[in-house]
Structure formats: structure tokens, C-alpha cells
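Chemist: The sequence and its predicted three-dimensional model are supplied below.
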Amino acid sequence: MKSHSFFPYAITAFVFAVIGCHESPPPAASGPPQTPPQVGVVTLVRQSVMLTTDLPGRTSPYRIADVRPQVSGVIQKRMFAEGGEVQAGQQLYQIDPAPYQAAYDTALATLAHANAEMASAKALADRYKALGASNAVSKQDYDNAAASELQAQADIESGQAAVETAHINLVYTKVLSPITGRTGRSITEGALVTANQLIPLVRVQQLDPIYVDIPQSTALLLRLRRELASSQIKIKGSDENQAPVTLTLEDGSQYDQPGQLEFAETTVDQSTGSVILRAVFPNPQKLLLPGMFVTARLEEGMSGNAILVPQQGVTHNAKGEPTVLVVTPDNKVELRVIKTDRAIRDKWLVTDGLTAGDHVIVDGLQRAQPGATVAPTEVTSTTTPAHQQ
């Protein structure tokens, strides 16, 4: 009987043991709190910066002359080398002068004949004048003699004009260069030319100095005028049309000679909405040739309160607006939408959305989320400030 009473107690102990195996373990102790992510920031300051604008341009000669003949004839000589330098007044061609020399000699002979006729007519008129006082000749004869003298005088004047014309044509057989410059392609000896023909004999271009024509939009021009009027920027010097200009050549190299803005056109091109600015550059090595495309950098003026933000700290939202992440005084991340004006080397010029003293995140952007707490560290820029004065 005692052996049967033990069995219920064993069953009960087994059930409690199974239930105990399925109970949840006690909660584990919590670990140490997570530290805020490290981010690099730059503290914005207002600074003076030279505002520049890069615009495409094209070179053009300082002076250009299409040399055309002023008389007709055959070219006997060409007195220069193609592509060489010529001086103003230097003879370039010799047109066959023989027919013009003959015309000049004929005009001289005609003038001599008129002078002889004048001498005879004057002597007759003087004689009749004396005889007319004593009524030895009729008044009609005297009047005829006086008229003959006047006609002879007119013939002399006409002969002198003919001589001058013939001399001019003879001189024009020597074709001279009107300017100092470099010649282009030329016709050769033996070519028949005509006076004032459409095709020039040669083109002479002055390349030192040389012009660079730069189209500038009227919107940019109006903005520049507004900034000048409000003293947001200041031009170096007294005249905005005398601002310095630098060039970048087609291969990306910098032209080593600075230029000067010399002229701004007063008429807007209706097809492009732009005006032409003309800068002049020294070109002693003739490196700049007419028709070359270049990029001109115009110095608009000096801004004394510019806010510059490194480009690596600026992103764009879904609307395409530029944004930055700013660390607030309590180390919270705040998203700011900003407005930028232009890029100045590795920085953006900001016109709205930021102010001096703001801490902009430039390193660790992937670890910073708006509203999160971060540990900011100041980043020392190693780049050279762009156009900073």
C-alpha cells in the first residue's frame, strides 16, 4: 500500500518541473548609452570677396583693313610676304603704271597748250583794250577778245584738274598698306584687278593689342547695376567699364596678360537679349589670333559682407533647392533651405538662409539626420580662399 501512495506525488513534481523549464529568463541588464555621432562643421563668417563672372568671348583684330585697288590694271609686283608684318604706308603692290603715266603726260601737254592759248588771248585782249579807248577798234571786237581770254583761263583750270587726276591715278598704281599689321592670303603677280573690286587683294590685321568681344545678358547687367547702386559691391576704380578682365584659352590654360574692359555696347541684341562688352588685351607674342574662342573672367566688384559655404556641405532636395545641415547651439541638426548666387572656386556664395556664426556640417553628412543630436568638431579649411581680399 505504501508503494502506491508515492506515484501521485511523483507525477505532480514532474509537471511543475516541465512548467518551470518554459518560464522566461530574467531581463538582461541594459548596456551603456550610445554616444552622438561625430560631424565636422565650419563656422561661417562674413568676408570681403571679389565677385567675378565667367563669360564666353571671341577675339577680333584691333584694326582691320581690306586692301583693294583704286585703279585697274595688272599686278606687276608683290612687295611683301604672306603672313608677315607690314607698316602703315608700306607699298604692297605695283600695278602696271604705263597707261597712267601716258594719261598724266597727255594732261600735262593739254595744260601747256591751254597756257599758250591763254598768253595769246590775254595779249589780244590787252591790245584791244588800249585801242578801244581811242575808238580804233569796235567794242564788239574788244568784247570778243575779253571773252577769249576768259575761255583760255577756264581751259587752264580744266587742264590743271586733269593733270591732278592723272597724277592721283598714277600714284594709285602703288598700293600702300593703310595700317600696321599682319597680312593674310594675297593674290600673286600677273593678276588683273579692277578699281574698287569686291574681293580684296589682301587683308591686314593689327593683332597687338587685340579685342575680345564678350556677350553679357541684360539680366546680369541689370543685377550688376542694382548692386552698384545699393553699394552691395564696389568697383575697383571710378568706372565700371574699366574693370580688369582675365582670359582662359581653349585648351584650359590661363592667358598671362590681363586685359581691360574698354567698351559696353548701348544696344541690346533682340535675338539674344544681350549686349556686347569689348575688352582689349596686349598681344605681343601674337598668341591670340582673330576668331579664337576664349572664356573671359570679369571682375564685377567687391562684396564686403559675403557668406561662403564649402560646396561639399551643400546638397539639393527633391525640388532642386540647395540645402545645408546646420548644428544648433544645443547640438541638434537642422535642415536649412538656402539661396546661392554663384560658385567661387570650391565654395558657394550664399545670399539667403544662412548668417555669420552658423555651424554648417561639411563632414559626416551621412551620419547626421535632421533633429538628431551630434557631436560637432570644427574643420580647418586647407583650401585657399577664392578671390578673398
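Modeler: Noted; the coordinates are in hand. Small disclaimer: the values here were computed from a predicted structure and weren't measured.
Chemist: The residue lying closest to His113 once chain neighbours are set aside: neighbour count?
Modeler: Counting by Cβ to Cβ, 6 or more residues apart in numbering, Gly159 is the residue found nearest to His113 once chain neighbours are left out, at 7.7 Å. Where C-beta positions appear, they are placed from N, C-alpha and C, glycine not excepted. Residues lying near Gly159 (other Cβ atoms under 10 Å) number 21.
Chemist: Gly159 touches Ala109, doesn't it?
Modeler: No. Gly159 is beyond contact range of Ala109, at 9.1 Å (criterion: Cβ atoms under 8 Å).
Chemist: sec struct for the residue nearest to His113, please.
Modeler: helix (DSSP: H, G, I helix; E, B strand; the rest coil).
Chemist: again, but for Pro99
Modeler: Per three-state DSSP, Pro99 ends up helix.
Chemist: That one is in contact with Val71, isn't it?
Modeler: No. Contact status for Pro99 versus Val71: not in contact, 9.2 Å apart, counting by Cβ under 8 Å.
Chemist: Give me the more crowded residue out of those two.
Modeler: The neighbour comparison of Pro99 against Val71 (other Cβ under 10 Å) goes to Val71, with 20 against 15.
Chemist: Can you pull the domain assignment for the chain?
Modeler: 38-49+305-378, 52-62+206-303, 69-96+173-199, 98-168 (automatic domain parsing).
Chemist: gap between the third one and the chain center?
Modeler: I take that to be domain 69-96+173-199. Domain 69-96+173-199 sits 32 Å away from the centroid of its parent chain (Cα atoms, centre = their mean, to the nearest Å).
Chemist: Next, the contact list for the spatially most central residue of the chain, please.
Modeler: Most central in the chain under Cα atoms, centre = their mean is Ile214, positioned 2.9 Å from the mean C-alpha point. With contacts defined as Cβ atoms under 8 Å, 6 or more residues apart in numbering, the neighbours of Ile214 are 55-57, 245, 276-279, 296, 298.
Chemist: My reading is that Ala195 is in a strand; is that accurate?
Modeler: No. According to three-state DSSP, Ala195 belongs to no strand; its state is coil.
Chemist: Relative to Leu92, how far out is it?
Modeler: 16 Å (Cβ to Cβ, to the nearest Å).
Chemist: between those two, who's got more neighbours?
Modeler: Neighbours were counted for Ala195 and for Leu92 using other Cβ under 10 Å; Leu92 has more, 21 against 13.
Chemist: ok, that one - contacts?
Modeler: Taking Cβ under 8 Å, 6+ apart, we find Leu92 in contact with 67, 78-80, 86, 175-177, 183, 201-202.
Chemist: helix or strand for it, which one?
Modeler: Following DSSP states H and E, one finds Leu92 within strand 91-95.
Chemist: That strand: which residues count as buried?
Modeler: By 16 or more other Cβ atoms under 10 Å, the buried positions in strand 91-95 come out as 92-95.
Chemist: In this protein, mark out all the helices, start to finish.
Modeler: For the chain, applying DSSP state H gives helices covering 2-5, 7-21, 98-133, 139-172, 218-229.
Chemist: Out of the ones you listed, which is closest to Arg63?
Modeler: When these are compared by Cβ to Cβ, helix 139-172 sits nearest Arg63, at 21.7 Å.
Chemist: how far off helix 98-133 does that closest one point, in degrees?
Modeler: Compare the direction of helix 139-172 with that of helix 98-133 by axes from the mean of the first three to the mean of the last three Cα atoms, to 10 degrees and you get 160 degrees.
Chemist: Can you give me the buried ones in the lengthiest strand in the chain?
Modeler: In the chain, assigned by DSSP state E, the strand with the most residues is strand 46-67. Applying a neighbour-count criterion of 16+ other Cβ under 10 Å, one finds 49-53, 55, 57, 59-62, 65, 67 buried in strand 46-67.
Chemist: Counting by contacts, list what it packs against.
Modeler: Other helices and strands packing on strand 46-67, by 3 or more Cβ pairs under 8 Å, 6 or more residues apart in numbering; DSSP states H and E, are strand 181-183, strand 202-217, strand 274-281, strand 293-310, strand 339-344.
Chemist: quick one, what contacts Met292?
Modeler: In this structure, Met292 makes contact with 58-59, 249-250, judged by Cβ under 8 Å, 6+ apart.
Chemist: how about low-confidence regions in the stretch 101-250 of the chain?
Modeler: Applying pLDDT under 70 to the stretch 101-250 of the chain flags residues 132, 134, 224, 227-243.
Chemist: how close does Asn169 get to Val163?
Modeler: From Asn169 over to Val163 (counting by Cβ to Cβ), the distance is 11 Å.
Chemist: Overlap of the contact sets of those two?
Modeler: Common neighbours of Asn169 and Val163 (Cβ under 8 Å, 6+ apart) are Tyr104.
Chemist: isn't Gly84 right next to Gly184, touching?
Modeler: No. Here Gly84 does not reach Gly184: they are 10.4 Å apart, not a contact under Cβ under 8 Å.
Chemist: higher neighbour count, these two?
Modeler: Gly184 (14 against 8).
Chemist: Please tell me I have it right and that one contacts Leu201.
Modeler: No. The criterion here is Cβ under 8 Å, and Gly184 misses it with Leu201 at 10.4 Å.
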